[in-house]
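> Give me coordinates for this.
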Amino acid sequence: MDILKTGRGITKTIRNVNRLKEIVIIFARHGFDEFITLGVTSKIPNFVLPKSRRSIQKELEESGEKDWSRAIGYRLRKCFEELGPAFIKFGQLLSSREDLFDVGFIDEMKILRDQVKPIPFSEVRSEVELSLGRPIDEVFNSISEDPIGTASIGVVYKGELKDGKKVVIKVRRPNIVKTMTNDFSILLLLATQVERASEELKYLGISRLVNDFSISLQTELDFHIEALNCERFKKNIEAHDKKEILYIPKMYTELCTERFLVMELLDGIPFSNKAAIEPRLDTLKEKLTDGLQLFIKTFLMDGFFHGDLHGGNFFLMPNDQIGIIDFGLMGRLSKKGRENFVAILYALITYNFENLVYEFLDVAEYEKIPDVDALISDVRDVLTPYIGLTVQQTNYTLLFQSIIETLRKNKLYLPREWFVVFRSLMTLDGVGKDMGLDFDIFSMVEDDLNIIVKESFNKDEIIEEAVWMGRDFLSSGRMFPRHLRWFLKEWSKKGYAFEIIHKGHEKQLKDVTSSVIFLGYIILGAVFFISGVTLLKSDAISHWRDIPSLCWIFWALGFISLMKGSLTVRKI
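Sure thing, here's the model as predicted:
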């Protein structure tokens, strides 16, 4: 959609044009004019783009700069700093995508994490009272004027409720939604134009990154969702063993709105303050290891996990519990996603390179199917040096980064939710190493993997899968005659009529016919097998002799169908 046509009336259209002019000029000033002129300036009436001081490519060539990615990252960072919150937020996103960009570029984008200006509470007081629907003095005894934390979306302050409870208050920056919405629509336009510059830039999928990020941003802009995330995560943790190790702060959900959040203040030491925690580490290593293992269980068992597990979000509490904050970025995996994740970890543990590649092909996105044999060879080259290493010798962060780099080399793109998974594992490994723990991710998950694999093959799971597959087959069977009737009706129209001349192509037609017959046998065999499984209703089956005779009959018919299908293939 053209950004200039998305406004509600002429006022917004003019404002977008003026903002687009400003953005284009800033990018041009920093040497990116050769990219942004690709169709962007045609969107701005009567606009002539000023030339940049120096061509970025020419300057890099003349200076002999070897690290082009760092140099380009530096210029891009300067642009983002001038352009404000939306672009700074996007730069922060880019800083976490090690699967797409080189180290020099990532390092420059990481600097943007600290480029957010704090604002005093007096400037957001009206936002708070608007959210509460009443004066602040009716709810709080006090709120600190200076923030204790700042981000591109929200600002954090200390406060005290009327009952004396110490709390943290997170307030959304004024007008941030309007600013983010306008700038991200322009950013999407720029990204689309930049991708037209080269195939390499198209592979990076900048426009896809902008789209993904704008979707996740809708959640991050709504603090009430963050409060609900915290409550859900707390409920999930309570279902696990050793739940007492973790401490999830109380959310005052009755006070939380989309622009305002109130949470219990954790009286603990952040893991990022290593000097303060170090004296207590020797007595806490086992508990810390158990706590980090509990986080890994949230990946495997729940499919709902914390997506920002850096040291600043962990706290060592006075009673030696591990506190956790910041539930704005949560990762989610569907049931199928968890199955893929288990299979990926199992393939890593067993160094089954072929299965690992096929699992990545199942979850990754790509423009064209890569050379699978070459990909398997690349993965083997990356992982073989890790075989036989001890926990102390294994750098799991480097291992995951190597895998991600290999995928990038073969032009495989990890969707955002999957990259959050691997980035969180790398961050957990880093936290464990910083604490001096013998933190072996693979040995930690091995027992859980065995349990999950066994559960996925139990009778109830198989029956459930069979029922859903059977339902899909029945649904397809009902729809097929209707679609066939529609197809034949359309086919009979003059516009669709054509003559098939098959002279000299008898073999190809025979191959197609055989393939259709083979597919029919496969479907029939699957139906028979599923029908046999659905008859397994008794929980008392402990021996193969307890299986009903009718099940064996269905399975025999299924086997015969598969054999007939395989014989059909041999004739092709």
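> Residues contacting whichever helix or strand residue 69 is part of, please?
Assigning secondary structure by DSSP states H and E places residue 69 in helix 68-83. For helix 68-83, contacts defined as CB atoms under 8 Å, 6 or more residues apart in numbering pick out 23, 26-27, 30-32, 56, 60, 65, 87-88, 90-91, 101-109, 111-112, 115, 183. From N, CA and C alone the C-beta is placed, and that goes for glycine too.
> Can you pull the domain assignment for this structure?
Residue ranges for the domains of the chain, per automatic domain parsing: 3-115+177-220, 117-174+222-240+251-265, 267-457, 459-571.
> mind putting these in CSV, mean neighbour count included?
Below are the domains of the chain laid out as CSV (neighbours: other CB atoms under 10 Å):
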stretch, mean neighbour count
domain 3-115+177-220, 17
domain 117-174+222-240+251-265, 17
domain 267-457, 17
domain 459-571, 13
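> could you redo the ones you listed as TSV and give each row mean pLDDT?
Output for the domains of the chain, formatted as TSV (pLDDT from 0 to 100):
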stretch	mean pLDDT
domain 3-115+177-220	70
domain 117-174+222-240+251-265	89
domain 267-457	81
domain 459-571	62
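> helix or strand right after whichever strand or helix holds residue 90?
In the assignment (DSSP H and E), residue 90 maps to helix 85-94. For helix 85-94, the following helix or strand on the C-terminal side (DSSP H and E) is helix 103-110.
> angle of that following helix against helix 85-94?
140 degrees (axes from the mean of the first three to the mean of the last three CA atoms, to 10 degrees).
> Just give me how far whichever strand or helix holds residue 379 sits from the chain centre.
Applying DSSP H and E as the criterion places residue 379 in helix 372-383. How far helix 372-383 lies from its chain's middle: 24 Å, per CA atoms, centre = their mean, to the nearest Å.
> Tell me the helices and strands packed up against that helix.
On a contact count with 3 or more CB pairs under 8 Å, 6 or more residues apart in numbering; DSSP states H and E, helix 372-383 meets helix 353-363, helix 396-409.
> So which of those helices is nearest residue 370?
Proximity to residue 370, assessed across the helices and strands packed on helix 372-383 by CB to CB, is greatest for helix 353-363 (7.9 Å).
> Name the residues that touch the closest one?
Under the contact criterion CB under 8 Å, 6+ apart, helix 353-363 has outside partners 337, 340, 343-344, 347-348, 369-370, 372, 375-376, 379-380, 383, 407, 412, 414-415, 418.
> Extract the C-alpha trace of that helix and format it as CSV.
Extracted in CSV, the C-alpha atoms of helix 353-363 (Å, rounded to 0.1, in the frame of the first residue of the first chain):
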residue,chain,number,x,y,z
PHE,A,353,23.5,-33.9,10.7
GLU,A,354,21.1,-35.1,8.1
ASN,A,355,18.1,-35.0,10.3
LEU,A,356,19.2,-31.6,11.7
VAL,A,357,19.2,-30.1,8.2
TYR,A,358,15.8,-31.5,7.3
GLU,A,359,14.3,-30.1,10.5
PHE,A,360,15.8,-26.7,9.7
LEU,A,361,14.4,-26.9,6.2
ASP,A,362,11.0,-27.6,7.8
VAL,A,363,11.0,-24.4,9.9
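> That helix to helix 372-383, inter-axis angle?
Using the same axes, to 10 degrees: helix 353-363 against helix 372-383 is 110 degrees.
> So what's the gap between helix 353-363 and the chain middle?
18 Å.
> And for stretch 317-335?
Counting by CA atoms, centre = their mean, stretch 317-335 comes out at 17 Å from the chain centroid.
> same check, this time on stretch 405-414
15 Å.
> And that stretch, end to end?
One end of stretch 405-414 sits 11 Å from the other (CA to CA, to the nearest Å).
> I'd like the numbering to begin with 8 instead of 1 from here.
Taking 8 as the first residue, the last one we looked at is stretch 412-421.
> Now do the same contact list for the closest residue to residue 394 other than its chain neighbours.
Excluding its sequence neighbours, the residue lying closest to residue 394 (CB to CB, 6 or more residues apart in numbering) is residue 358, at 5.9 Å. Listed by CB under 8 Å, 6+ apart, the contact partners of residue 358 are 390, 391, 394.
> how about those residues in CSV, adding distance to residue 78?
Shown next, in CSV, are the contacts of residue 358 (distance: CB to CB, whole Å):
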residue, distance to residue 78
390, 32
391, 34
394, 38
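> quick one: residue 393 and residue 407 touch, right?
No - the criterion here is CB atoms under 8 Å, and residue 393 misses it with residue 407 at 11.0 Å.
> Also compute the angle for the helix holding residue 97 relative to helix 75-90, please.
Relative orientation of helix 92-101 versus helix 75-90 (the same axes, to 10 degrees): 150 degrees.
> packing partners for helix 92-101?
Going by 3+ CB pairs under 8 Å, 6+ apart, helix 92-101 lies up against helix 75-90, helix 110-117, helix 183-202, helix 213-227.
> now those as CSV including distance to residue 335?
Output for those, formatted as CSV (distance: least, CB to CB, whole Å):
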stretch, distance to residue 335
helix 75-90, 21
helix 110-117, 19
helix 183-202, 14
helix 213-227, 5
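> Report the contact partners of the residue positioned nearest the centre of the chain.
When CA atoms, centre = their mean is applied to the chain, the residue found nearest the centroid is residue 424 (1.7 Å). Residue 424 sits next to 338, 339, 340, 344 when contact means CB under 8 Å, 6+ apart.
> residues in contact with the helix holding residue 386?
With CB under 8 Å, 6+ apart as the test, helix 379-390 has contacts from 355, 358, 360-361, 363-364, 368, 406, 409-410, 412-413, 416-417, 419.
> ok, so of these, who is nearest residue 226?
Comparing the contacts of helix 379-390 against residue 226 with CB to CB picks out residue 419 as the nearest, at 26.2 Å.
> and the gap between that closest one and residue 390?
16 Å (CB to CB, to the nearest Å).
> what's the answer for residue 315, then?
27 Å.
> can you check residue 214 too?
Applying CB to CB to residue 214 and residue 390 gives a distance of 32 Å.
> and residue 269, that's in a helix?
No - read with DSSP: H, G, I helix; E, B strand; the rest coil, residue 269 is strand and lies in no helix.
> What distance do you get for it to residue 167?
11 Å.
> Same check on residue 350?
Taking CB to CB, one finds residue 350 at 50 Å from residue 167.
> Which parts of the protein are strands?
Secondary structure of the chain by DSSP state E: the strands cover 147-150, 156-157, 161-168, 173-179, 253-254, 267-271, 276-277, 311-313, 321-323, 329-331, 337-339.
> Including distance to residue 300, could the ones you listed go into a markdown table?
Output for these, formatted as a markdown table (distance: least, CB to CB, whole Å):
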| stretch | distance to residue 300 |
| --- | --- |
| strand 147-150 | 38 |
| strand 156-157 | 28 |
| strand 161-168 | 29 |
| strand 173-179 | 27 |
| strand 253-254 | 11 |
| strand 267-271 | 25 |
| strand 276-277 | 20 |
| strand 311-313 | 13 |
| strand 321-323 | 14 |
| strand 329-331 | 11 |
| strand 337-339 | 17 |
